[in-house]
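Participant: can't give you the sequence, but here's the structure:
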Ligand code: GUN
């Protein structure tokens, strides 16, 4: 029998419903969560992501501002805008859409965002707090993965979690968060020698390698939870994850689809981070 699907779209809607209620309460206390998104250049995928963030903000009743800058904007001008947003009271979260044009220094831009407004969780201080287990704004996709696992009723404690991929945005932080949930974590990457054998030992397999349908049924222990973080555009225009869903679903336990799995959770966690940042800025719990 095919494994149950973890429906990220539905879970996202549930969480957004809770956030909308919290936002209404916060507004009664005179606080409107605010998110500023900065987009430099005209990358089509980035434009789609930014529009979707703007729409979600407006649906929730957030203050939303989108700053669209030409691709040839200087680093200095971008840093001035970030400084302006750092000081702006109605903005609680700042997101600079990546990738930035090649002439810009992404690290310098991320480092310039006020730590308490870094709703991407990319600032080195937020990353450091994640490593040492202190309170921080968590990166959205990894936080979404953990939320999906928890809401599917899966307890990570004592489980062997295997993560494929070691990026700063997904692989590394998701490994840390799984450890925080008391899983025993193995990280695999492009240079891992015996990847299939390691994956076959996983109770929970998180795949973020960026290669379409890389993981097939031969990587998966019967009944294992499979979380697919991959978003790959195929030549036929369709989206594919890093997991070969049809074959894996025949052996796995609960599994996320692409689209409709981890994807919708990323934006939801961004909204949650903005709400947390707004509460903290207003001295509320
Ligand atoms: N580009 C693609 N994903 C992301 C993200 O999560 N945050 C930012 N800032 N840029 C991105």
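Facilitator: Great, that's in hand. Everything numeric here is computed off the predicted structure, so don't read it as measured data.
Participant: three-state assignment of residue 81?
Facilitator: helix (DSSP: H, G, I helix; E, B strand; the rest coil).
Participant: in contact with it: list those residues for me.
Facilitator: Taking CB atoms under 8 Å, 6 or more residues apart in numbering as the criterion, residue 81 is in contact with 38, 67, 69. C-betas here are computed from N, CA, C, even on glycine.
Participant: ditto for residue 117
Facilitator: Applying CB under 8 Å, 6+ apart, the residues contacting residue 117 are 85, 86, 91, 92, 93, 94, 277.
Participant: just residue 195 next, same as before
Facilitator: 164, 188, 219.
Participant: so which of these sit within strands?
Facilitator: 164, 188 (DSSP state E).
Participant: for the stretch 1-150 of the chain, which residues are neighbours of the ligand?
Facilitator: Residues of the stretch 1-150 of the chain lying near the ligand by CB under 6 Å from any ligand atom: 95, 96, 97, 98, 120, 140.
Participant: is the first one bridged to anything, and to what?
Facilitator: Residues in a beta bridge with residue 95, per DSSP bridges, are residue 37.
Participant: burial count for the closest residue to the ligand within the chain?
Facilitator: Nearest to the ligand, among the residues of the chain, is residue 98, at 3.6 Å (CB to the nearest ligand atom). Counted by other CB atoms under 10 Å, the residues lying close to residue 98 total 15.
Participant: again, but for the one 4 residues further on
Facilitator: The number of residues packed around residue 102, counting by other CB under 10 Å, is 6.
Participant: tell me the SS of it?
Facilitator: Three-state assignment for residue 102 (three-state DSSP): coil.
Participant: quick check, pLDDT for it.
Facilitator: pLDDT recorded at residue 102 is 97.
Participant: any chance of the contacts of residue 195 in TSV, plus pLDDT, neighbour count and distance to the ligand?
Facilitator: Formatted as TSV, the contacts of residue 195 follow (pLDDT from 0 to 100; neighbours: other CB atoms under 10 Å; distance: CB to the nearest ligand atom, whole Å):
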residue	pLDDT	neighbour count	distance to the ligand
164	98	29	19
188	98	23	22
219	98	27	26
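Participant: between the contacts of residue 195, which sits nearest residue 284?
Facilitator: residue 164 (39.1 Å; CB to CB).
Participant: so the closest one versus residue 229, what's the distance?
Facilitator: 9 Å (CB to CB, to the nearest Å).
Participant: and if you look at residue 115?
Facilitator: Residue 115 is 25 Å from residue 229, by CB to CB.
Participant: can you tell me the SS state at the residue of the chain closest to the ligand?
Facilitator: coil.
Participant: excluding chain neighbours, what is closest to it?
Facilitator: Once flanking residues are discounted, residue 98 sits nearest to residue 106: 6.4 Å by CB to CB, 6 or more residues apart in numbering.
Participant: quick one: contacts for residue 138?
Facilitator: Residue 138 touches 121, 126, 130, 173, 177, 269, 273, counting by CB under 8 Å, 6+ apart.
Participant: what pairs with the helix-or-strand element of the chain with minimal mean pLDDT, parallel or antiparallel?
Facilitator: Sorted by mean pLDDT, DSSP states H and E, the helices and strands of the chain end with strand 232-233, the least confident at a mean of 92. Paired strands of strand 232-233, with direction, are strand 239-240 (antiparallel) (DSSP bridges).
Participant: so which of the contacts of residue 117 sit within helices?
Facilitator: Here DSSP state H is the test, and the contacts of residue 117 give 85, 86, 277 as lying in helices.
Participant: okay, now the last one: neighbour count?
Facilitator: Same thing as residue 277. Quick note: residue 277 (other CB under 10 Å) scores 23 neighbours.
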